[in-house]
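sequence plus the predicted model coming up.
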Protein chains: 2
Amino acid sequence: MIRDLRICFVGDSFVAGTGDAAALGWVGRVTAAAWHRGEGFTAYNLGVRRDTSADLRRRAEAEILARLLGAGTAQAVVFSFGANDCTLEDDMPRVPPEVTEENAAALLGWAAARWPVLMVGPPPLAHDAAHDARVAALSVRLAALCDAMALPYLALHAPLSGGPAWRQAAARGDGVHPDAAGYAAIAALVEGWAPWRAMVAE
Amino acid sequence: MIRDLRICFVGDSFVAGTGDAAALGWVGRVTAAAWHRGEGFTAYNLGVRRDTSADLRRRAEAEILARLLGAGTAQAVVFSFGANDCTLEDDMPRVPPEVTEENAAALLGWAAARWPVLMVGPPPLAHDAAHDARVAALSVRLAALCDAMALPYLALHAPLSGGPAWRQAAARGDGVHPDAAGYAAIAALVEGWAPWRAMVAE
């Protein structure tokens, strides 16, 4: 029997691939790479611009169930969010870190009770140093949560902050979202991540 | 002010791009082509494998609203479904043509009251002549409905049935879904369709 894997990618504009002129984003790139290895799967991109973890709690369950329930021979969910939670509105984050953590625990826990689950952390926000610092702190917090839940977590913030490439990609994009090269950089990190490769290959 | 267009593509596996090793499908191809022309927009792919028009009525409104409400400076919806309605189960179509027409009228009417709406018809089903004949008949019926509703309809079935390319693409794919070349053929038809070009360019 041929494996028929369905994966939902749930998150924000970075999941959606906003600004990528190639219309792939990192999700499309890792999907195409898997097909190239002979490990093709069905990808459902559920990234929505501006979505916080609170927004995801309102829509993720129904959208995931509509795509995974009774579908294929294997299913999985990859989450990636956090950057929009850290956006200030009236000097307050749209979602405070402790609530992001609650939301993440609820989302990940619900999904992990049903399917294999991975989490990819938020990328750097090159346009705003204070916002970026909040994202960096949230990424560490989400990593600790995933560790406590025994779920794999891939940090993007630290590796992408280590050189000028991400900042340059965002500058070529709209300032926040990178161009295609930035999405390719995320895809390379995901491709090099053992839990991702194991999930797709199993 | 720069135009910020968000488009939801709502439908079935052909919308999702199932089987495309390039992870683009026709939606990704027309999105990348628009970026190439300097008319980039945000594409939300809401294609789900096996979905009939009845399935779409259950999920489409919530999923579209989560992506378009108050988002960007312009919004639009492109529907494409019908092939799964024509699948036989216990010798009956999963959705009879008159109910597909009711569902289509409800979906298109709801969306067209809010945003510009286009409909792309179902493609041929190369693996099963009887199924394909039902799809051909449904495509004509959906075209008449869209005409009555004054909504643009792009037939895929007739043009893709006119030569061997689609059948060959499906044979290289899984028998039902084409390979990348088949999705490129759909994308070329959409790209050459004036209502699509006008929607993206306006």
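Noted; the coordinates are in hand.

ranges for the strands of chain A?
Counting by DSSP state E, one finds strands in chain A at the ranges A:5-11, A:42-47, A:74-80, A:88-89, A:92-93, A:117-120, A:153-154.

put together CSV for these, with mean pLDDT and distance to chain B on each row.
All C-beta spots, glycine's among them, are computed from the backbone N, C-alpha and C. As requested, the strands of chain A are exported to CSV (pLDDT from 0 to 100; distance: least, Cβ to the nearest Cβ, whole Å):
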stretch, mean pLDDT, distance to chain B
strand A:5-11, 98, 8
strand A:42-47, 98, 6
strand A:74-80, 98, 12
strand A:88-89, 96, 14
strand A:92-93, 96, 20
strand A:117-120, 98, 17
strand A:153-154, 98, 19
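
give me the phi and psi angles of the spatially closest residue to residue A:25 that is not a sequence neighbour.
Sequence neighbours aside, residue A:17 is the residue nearest to residue A:25 in space, at 1.9 Å (criterion: Cβ to Cβ, 6 or more residues apart in numbering or on different chains). Here is the backbone geometry of residue A:17 (degrees, to the nearest 10): phi 80, psi 30.

I figured residue A:17 hits residue A:27, correct?
Yes - taking contacts as Cβ atoms under 8 Å, residue A:17 lies within contact range of residue A:27: 6.4 Å.

need the contact list for residue A:16.
By Cβ atoms under 8 Å, 6 or more residues apart in numbering or on different chains, the residues touching residue A:16 are A:25, A:45, A:47, A:48, A:49, B:42, B:44.

what residues does chain A have near chain B?
Within chain A, the positions near chain B by Cβ under 8 Å from any Cβ of the partner chain are A:6, A:16, A:18-19, A:21-24, A:27-29, A:31-32, A:35-36, A:40, A:42-45, A:48-50, A:55, A:58-59, A:62-63, A:66-67, A:71.

report the buried members of those.
Among these, those classed as buried by 16 or more other Cβ atoms under 10 Å in any protein chain shown are A:6, A:16, A:18-19, A:22-24, A:27-29, A:31-32, A:35, A:40, A:42-45, A:48-50, A:55, A:59, A:63, A:66-67, A:71.

among these, which ones are in helices?
A:16, A:27, A:28, A:29, A:31, A:32, A:35, A:55, A:59, A:63, A:66, A:67 (DSSP state H).

and of those, the nearest to residue A:170?
residue A:16 (15.7 Å; Cβ to Cβ).

the closest one and residue B:88: what is the separation?
Taking Cβ to Cβ, to the nearest Å as the measure, residue A:16 falls 36 Å from residue B:88.

cool, residue A:126 as well?
Note on residue A:126: its distance to residue B:88, by Cβ to Cβ, is 54 Å.

picking up where we left off before, quick check: neighbours shared by residue A:17 and residue A:27?
Common contacts of residue A:17 and residue A:27 (Cβ under 8 Å, 6+ apart): A:45, A:47.

quick check: beta-bridge partners of the one residue sitting closest to the centre of chain A?
The residue lying closest to the centre of chain A (Cα atoms, centre = their mean) is residue A:80, at 2.3 Å. Beta-bridge partners recorded for residue A:80 (DSSP bridges): residue A:11.

from the chain's centroid, how far away is the lengthiest helix in chain A?
Criterion DSSP H: the longest helix present in chain A is helix A:129-148. The chain centroid and the centroid of helix A:129-148 are separated by 13 Å under Cα atoms, centre = their mean, to the nearest Å.

where does chain A have low pLDDT?
Applying pLDDT under 70 to chain A flags the ranges A:1.

I figured residue A:106 was touching residue A:56, is that so?
No - counting by Cβ under 8 Å, residue A:106 does not reach residue A:56; the two are 9.5 Å apart.
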